[in-house]
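> this one's structure only:
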């Protein structure tokens, strides 16, 4: 019933208890967790957030109809698609974290970027999440589907070299990131008809985005939007330089340092608000 209560806005602590149980399990196992919460909406995700808000409303209406028809199981599945973590939920869990002296961070914008920063700065050794974006951000060890017994599925990017075509991407993470963006991400919709397999093929054969777009256009199978290259570049830079909070220095910074970066494209932007103002 936790799904229903969260989906329709009924006050409950079941979801908080779920998080508290996972937290207790980690602490009992000797894990030192740092919990990260989302912050303000990121400008690059405005279109996605608007679409998700619309989907949540549609899911709520559909679930209400299913509930009236007596199909509670299907109603809960539909509601699960549209549940959003509210500031009140986050605040309730933060109170528990404080009582247990567990460190937490409210990201300036996306929790994914904040977790990536912590990982890349060697402040944590593993990320536990349900979001595949962490791999695109450059986190090499990510644990998914953590259950109540402490089991989950670990993905280690270093193992990609053992997986057929993935090995052809080479050791440069940028090739993997280009593949992820090309196949569609929160910052840029994919070119219609280009899924992950085709994106992987283009990335292996191409190189930078200019060469990849040239290869796609040459095939004359897909329509490439006129602003695709620029939007692709902005998505790439958002993964690299999104605004995060440096806990040790107590200041805003970026996922990876902008100063003296080899990605000179970032210097062409006088307005970098798309990274998080």
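Perfect, thanks for sending it. Here the structure is a predicted model, which means the values were calculated and not measured.
> care to break the protein down by domain?
The chain breaks down by automatic domain parsing into domains covering 2-157, 161-275.
> now render these as TSV, adding mean neighbour count and mean pLDDT.
For glycine as for every other residue, the C-beta is placed from the backbone atoms N, C-alpha and C. Below are the domains of the chain laid out as TSV (neighbours: other C-beta atoms under 10 Å; pLDDT from 0 to 100):
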stretch	mean neighbour count	mean pLDDT
domain 2-157	16	86
domain 161-275	16	90
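> centre of the chain to stretch 57-76, how far?
Here the centre of stretch 57-76 is set off from its chain's centre by 28 Å, with C-alpha atoms, centre = their mean, to the nearest Å.
> so how far is the first residue of stretch 178-198 from its last?
From its first residue to its last, stretch 178-198 covers 12 Å (C-alpha to C-alpha, to the nearest Å).
> for residue 245, grab phi and psi.
Residue 245 adopts backbone torsions of phi -110, psi 130, taken as degrees, to the nearest 10.
> same question, residue 34
Dihedral angles for residue 34 - degrees, to the nearest 10 - are phi -120, psi 120.
> so it makes contact with residue 105?
Yes. Taking contacts as C-beta atoms under 8 Å, residue 34 lies within contact range of residue 105: 6.6 Å.
> shared neighbours, these two?
Residues touching both residue 34 and residue 105 (C-beta atoms under 8 Å, 6 or more residues apart in numbering) are residue 118.
> what ranges do the helices span in the stretch 151-277 of the chain?
173-182, 196-205, 209-219, 228-241 (DSSP state H, counting those that start in this stretch).
> CSV please, covering the ones you listed and showing distance to residue 161.
Converted to CSV, those look like this (distance: least, C-beta to C-beta, whole Å):
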stretch, distance to residue 161
helix 173-182, 11
helix 196-205, 13
helix 209-219, 22
helix 228-241, 21
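> so which of those gets nearest residue 116?
helix 228-241 (8.4 Å; C-beta to C-beta).
> residue 66: which of the helices of the stretch 151-277 of the chain is closest?
Closest to residue 66 of the helices of the stretch 151-277 of the chain is helix 196-205 (C-beta to C-beta; 31.9 Å).
> now what about the closest one, what contacts it?
Residues contacting helix 196-205 (C-beta under 8 Å, 6+ apart): 165-166, 168-169, 175-176, 178-180, 182-183, 190, 194, 212, 215-216.
> Three-state assignment for residue 21, please.
helix (DSSP: H, G, I helix; E, B strand; the rest coil).
> I'd say it and residue 148 touch.
Yes. Judged on C-beta under 8 Å, residue 21 makes contact with residue 148 at a distance of 6.7 Å.
> show me where the stretch 1-150 of the chain has its strands.
Listed in chain order, the strands found in the stretch 1-150 of the chain under DSSP state E, counting those that start in this stretch are 34-37, 103-106, 127-128, 141-144.
> how far off centre is the second one?
Right, the one you point to is strand 103-106. How far strand 103-106 lies from its chain's middle: 17 Å, per C-alpha atoms, centre = their mean.
> please name every helix or strand in contact with it.
Applying 3 or more C-beta pairs under 8 Å, 6 or more residues apart in numbering; DSSP states H and E, one finds that strand 103-106 contacts strand 34-37, helix 87-99.
> list the neighbouring strands of that strand plus their orientation.
Strand 103-106 sits in its sheet next to strand 34-37 (parallel), going by DSSP bridges.
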